[in-house]
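Colleague: A structural model of the following input is requested.
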Amino acid sequence: MTGIYVIVDPEHTNGRSVVDVAGAAFESGASVVQLRDKLSPRRQIAECAVQIQNLAHHEGKLFIVNDHADIARIIGADGLHVGQNDLRVEDCRLVLDDRQLVGTSNALLSEAEESQRTGADYLAVGAIFTTSTKTDTRPAGLDTLRAVRESCSIHVVAIGGINASNLVSVMEAGANSICIATAITMAADIGAATSELVDLFETANS
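Modeller: Residues are numbered from 1 along each chain as shown. Have a look, this model is predicted:
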C-alpha cells in the first residue's frame, strides 16, 4: 500500500470517466485507487468498481471501495474505507472476507487509536491541509499526523490538500502513504500529475 493513493470521485474528474482516471493513475505509478461516489445509483457504482478492480489486478495494485461494504464484498475489492460516521470496523469485518482491508478516516489522535484498537488495517489521517474536495472534513494538520505516527503502529495514510508543493513535509511528519484527489483527478494530464507525485514520494522515501 505504500506510495501514492488516489481517490477517484465522479464529482472531481473534469467530466472524465472514473475508470479512465483510475487506469491512467495506475499506469503512471499510483499504488492504490479508492472509488468514492456519493451520487450515482448503487448498480452503477458496482459496475465501475468491477472495472477498476480489474485494472488494479492487471497492474498488481490495490483497489478500495468507499463506504459500501456490500459492494466491496460482492466484487472482491481489495478493501473498504469508512469514515467516523460509517460502519464500525468490527461491523465491516462481518461483511468482508478475511483478506479484505479496512481503512478509517481520522482527524483526532483518539480516533486513530480507537481505529487501531478495533482492528483497522490502516489509518487515513486528515485533513492535513485545507481541501475543497470535501466540505465536511475536519482539520488535523501535521501535528496530529506526527502524534498518530508516534502512537500507532499500523500503516498511516495522510490525506487532505496534499500536492507537489507540500508532499515532502507530510512524509517527514511520518506518513507511509500519501492520498491525493484533485491534484491528480482534476489535472489536465492525469498521467503526468501522477508520475510527478510518485517521483517525489519515491525520492523522499529513499
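Colleague: how about stretch 14-29 as CSV, C-alpha atoms only?
Modeller: Extracted in CSV, the C-alpha atoms of stretch 14-29 (Å, rounded to 0.1, in the frame of the first residue of the first chain):
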residue,chain,number,x,y,z
ASN,A,14,-13.4,17.2,-15.1
GLY,A,15,-16.1,15.1,-16.7
ARG,A,16,-13.9,12.1,-17.4
SER,A,17,-14.8,8.6,-16.5
VAL,A,18,-13.6,7.5,-13.1
VAL,A,19,-12.5,4.2,-14.7
ASP,A,20,-10.3,6.1,-17.2
VAL,A,21,-8.9,8.3,-14.5
ALA,A,22,-8.1,5.3,-12.3
GLY,A,23,-6.5,3.5,-15.2
ALA,A,24,-4.2,6.5,-16.0
ALA,A,25,-3.2,6.8,-12.4
PHE,A,26,-2.4,3.1,-12.1
GLU,A,27,-0.4,3.1,-15.3
SER,A,28,1.6,6.1,-14.0
GLY,A,29,2.6,4.6,-10.7
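Colleague: Buried ones in that stretch, by neighbour count?
Modeller: Using 16 or more other CB atoms under 10 Å as the test for burial, stretch 14-29 gives Val18, Val19, Val21, Ala22, Gly23, Ala24, Ala25, Phe26, Glu27, Ser28, Gly29. The way it works is simple: take the backbone N, C-alpha and C, and place the C-beta from them, glycine included.
Colleague: The third one: helix or strand, and which one exactly?
Modeller: Of the helices and strands defined by DSSP states H and E, Val21 is found in helix 18-27.
Colleague: same deal with Val148?
Modeller: Going by DSSP H and E, Val148 is in helix 141-151.
Colleague: Can you list the buried residues in that helix?
Modeller: Of the residues in helix 141-151, those buried (16+ other CB under 10 Å) are Gly141, Leu142, Thr144, Leu145, Arg146, Ala147, Val148, Arg149.
Colleague: Appreciated, that's everything.
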